[in-house]
Every structure is written in C-alpha cells, then in structure tokens.
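In: With the sequence up front, the predicted model follows.
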Amino acid sequence: MNDQGLNDGVVQLRDWADDDAAWYAESARDPEIQRFTTDPSTLDAAQVLAAINRMRASDREVGFVICDSITGAKLGNIALAHDGRVGELSYWLAAEARGRGVVTRALTLITSWAVRHIGLVELRLWAHQDNLASQRVALRAGYLRDPDRDKAQEAKGAVWPMHAFVLVPTGA
C-alpha cells in the first residue's frame, strides 16, 4: 500500500515499517490509551511486528501510522478492517498529539481513501461510551451517531458499552 493521497499537508498516513513496532508498543502503554484500547498493557514490539505482518498479508485490513506531514513525527495509529463493501475503523493518538485535530484529519483522510480506492459504501466505528474525545472526532469527521448499532464488547475482563457511528458516502 502506498500513502499517495494520504497527506493533507498537516497529517500524513504512512505504511507501517518494521521499526515502528517498538514505538507502537511503548505508546500503547499510555494510561489514557489503555482506558479505551483492547491492546494489553504488556504488548511488546515482537507482538506488534507480528500484527503488522498479518495486516500486510491481508487483503481485508489496512493500517497506517499517523504522522506529522512536516516533521514526520509519529502521532498515532489508524486501522481499517473491511469486507469490500463495509469498513470498521479504529484509532488512537499519542499523548503529545492530542487536542490538535490530528485524529480528525487522519479519520477524514482514511475515510476518503477507503471510499475512492476500495469502494466502501459504508464505514463504521465504535467508541467507548466514556471516550468523549473519540466520539467528538467521529462527529467532526462526518460520521453520524447510530444508537441502533450500539453494542457491548468484552475487553480486558469487563464489558465495555460501545457507541456506534456510521458514515454512508454521498452517492453510495
């Protein structure tokens, strides 16, 4: 996958490199990320690299490092799983990048790309009911709240109440 078209001049989405695995594992230990990700706090670089390799081998999953377009600094993670028609997105942002609209830009970029290049006709995401920042991101990126698709998800020994958001591209 190349990242052509996945750069808005502020945020760039780029393919994962092997040497990004350690950064991901370390970043995912952030207590704020741990509150809302299914990644375990014990995640290590070898496990992340194995996940990157599985994703590379899949024709139904894609993921990107969210980077600063100018400096190249790693800011977060965004991923898409799809069946060729419908996609499900997930994302997190490193502490130093929060509050700047970075993940909203990243979500907008990957959404447009998924519609244009994969032909997805619907995109969905879920955010923990307590993750108000993620819910605001979804709304700012054009996703609509869809309470009919809310779900309970088992994660880390608990049941998480998840709020659903959906985007149906114009003309789909």
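Out: Here it is on my side, so go on.

In: any residues touching stretch 11-20, and which ones?
Out: 1-3, 6-7, 48-49, 52, 55-56, 63-69, 72, 74-75, 78, 102, 105-106, 109-110, 113 (C-beta atoms under 8 Å, 6 or more residues apart in numbering). No exception for glycine: its C-beta is placed from N, CA and C like everyone else's.

In: Verify the contact between residue 168 and residue 115 for me.
Out: No: contact criterion C-beta atoms under 8 Å: residue 168 and residue 115 do not qualify, at 9.9 Å.

In: When the two are compared, which one has more neighbours?
Out: Under the neighbour definition other C-beta atoms under 10 Å, residue 168 and residue 115 were set side by side, and residue 115 has more, 20 against 15.

In: ok so, going back, from the contacts of stretch 11-20, list the buried ones, please.
Out: Buried subset of the contacts of stretch 11-20 (neighbour count, 16 or more other C-beta atoms under 10 Å): 6, 48-49, 52, 55, 63-67, 74-75, 78, 102, 105-106, 109-110, 113.

In: returning to that earlier point: can you check which residues contact both of residue 168 and residue 115?
Out: Between them, residue 168 and residue 115 share no contacting residue under C-beta under 8 Å, 6+ apart.

In: mind listing which of the buried ones among the contacts of stretch 11-20 are in helices?
Out: Secondary structure defined by DSSP state H assigns 48-49, 52, 55, 102, 105-106, 109-110, 113 of the buried ones among the contacts of stretch 11-20 to helices.

In: I'd like the distance between residue 83 and residue 122.
Out: Residue 83 sits 10 Å away from residue 122, going by C-beta to C-beta, to the nearest Å.

In: what number of residues lie near the closest residue to residue 32 other than its chain neighbours?
Out: Of all residues not flanking residue 32 in the chain, residue 95 sits nearest, at 6.6 Å (C-beta to C-beta, 6 or more residues apart in numbering). Residue 95 is flanked by 11 other residues according to other C-beta under 10 Å.

In: got it, and residue 140?
Out: With other C-beta under 10 Å as criterion, residue 140 counts 14.
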